[in-house]
Structure formats: C-alpha cells, structure tokens
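S.K.: Below is the structure, and that's it, no one-letter string:
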C-alpha cells in the first residue's frame, strides 16, 4: 500500500498569512494525487487533483498544489488564508493502476481572525 | 440529488454486538468504498467495490464484511464489535475507473463500549 506523509499535524495562522502544507508519498510509479478538505460539520470534499500535465494545479478557493516527481511531493499552498479556511486537510495518493486511494493523517488548519 | 447517504449518524454498541452501517448513492457510481477515520491516522480504507458483485479488501478489513448486490448500496457489517472499532466511518463513491473525485457521505460516529 501507498504511504502518505503529511508533515504538520496542526497549523495555526492569522488571516492573510500564507499557507503551505507538505505531503510526501512512497510509490515510485505513476500516481494520481489529491487534496481533500473537511470543513467543520461538512462532508469531505475535493480541493484539487493532479493526474497529468502541468505539475502546478489550481483548485477551488484559491488553493494550488505543485507536484514534484523527484521529491515524491505534492504540497498545498495558498498565498493569503481566510478565517473560512479553517478545516482539516488530507493529502491522498493513488497508484494509477490500482483502485485504492491512500490518505495521509491530515493537517488541522486553524486561521485566527 | 442526495449524493451519498449514510445511516445511522451515531451508534453506540456493546462489545460483541453486530450491526450494519448503510450506504447508498444515487449517482450511478460503479466505485464505492468504506473508510474509517481515527485521530492522527487519517482515513484508512476498509473495503471497496468496483461494481455489483465485486468487492475487495483495503488496508484494515479485519472485523468487517461488505457486499454489493446493487450499484446503489454498499453496506458495511461489523460482525462482533470491539472497542478498537470505535471510529468515524465514511462511505465514498466515484465514477470508475477514472476515480477522479470521491463523493463522501456525512459519516457515522460509532462507539463500542
């Protein structure tokens, strides 16, 4: 099974600060990469995904992520966070030849107004 | 569209009891899966299915059974509940084989005493 590591367990920021969440995975083959978000009291939902092409992908709500194949990384970024970005963020990886999606442990992001 | 519907939302069991968590989707998705979410461990795949009559094990299948008699339904059965199965359970579905986006249910919070 894939191993997915998220480096930060809990991040606390002030509004307008920049955010970067790290994600590394173990598989060396072709992968599909995802970031999912769970806002308080809401369902998990897809933030962005990478399948192929431009390694810099843009998602909803101003988030972006960069796939760096040589570093097995898919870090999530947002230049200026808002209070409404308070949520738990999960990185997920799938071997493109498999049907299993492996999730990281999650990073709780708290944005202070 | 209702999306992915899970029932019940909360459940308390005694050790050794059995129960079934229900999951239904109305999006005609071939792929359905069950995850458990535990603090510090993220989401771990229990079982998944790529169509009616087809199921397979994920990372943590022990103590759980699934079946897929229809495209819409994917129930998860706990055979003899144990305190280690106290968790939040999520059902998710997706179009297959692309698996570009998982749609999650609202979750079932299960406590085993």
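M.R.: Noted; the coordinates are in hand. Just so we're clear, the structure is a prediction, and the values are computed from it rather than from any experiment. Residues are numbered from 1 along each chain as shown, chains lettered A, B, ... in the order given.

S.K.: mind listing the strands in chain A by residue range?
M.R.: Remark: strands assigned in chain A by DSSP state E are A:4-6, A:10-14, A:19-21, A:23-25, A:31-38, A:44-50, A:56-58, A:64-68, A:73-78, A:87-95, A:101-103, A:107-112.

S.K.: Chain B now?
M.R.: With DSSP E, the ranges of strands along chain B come out as B:4-7, B:10-13, B:19-25, B:31-38, B:42-51, B:54-57, B:64-66, B:76-78, B:87-94, B:103-104, B:108-112.

S.K.: Mean confidence (pLDDT) on the fifth one, please.
M.R.: Looking at strand B:42-51 alone, the average pLDDT works out to 93.

S.K.: Next, count neighbours for residue 104.
M.R.: Answering for chain A, as no chain was given. When neighbours are defined as other Cβ atoms under 10 Å in any protein chain shown, residue A:104 has 27 of them. All C-beta atoms are positioned from the backbone trio N, CA, C, and that covers glycine.

S.K.: Chain B is the one I meant
M.R.: 23.

S.K.: Which residues are in contact with it?
M.R.: If you count contacts by Cβ atoms under 8 Å, 6 or more residues apart in numbering or on different chains, residue B:104 has them with A:43, A:44, A:45, B:4, B:90, B:91, B:92.

S.K.: One more: residue A:25?
M.R.: Counting by Cβ under 8 Å, 6+ apart, residue A:25 makes contact with A:2, A:3, A:4, A:5, A:31, A:33, A:72, A:73, A:74, A:91, A:93, A:102.

S.K.: The third one and residue B:27, how far apart?
M.R.: Residue A:4 is 26 Å from residue B:27, where distance means Cβ to Cβ, to the nearest Å.
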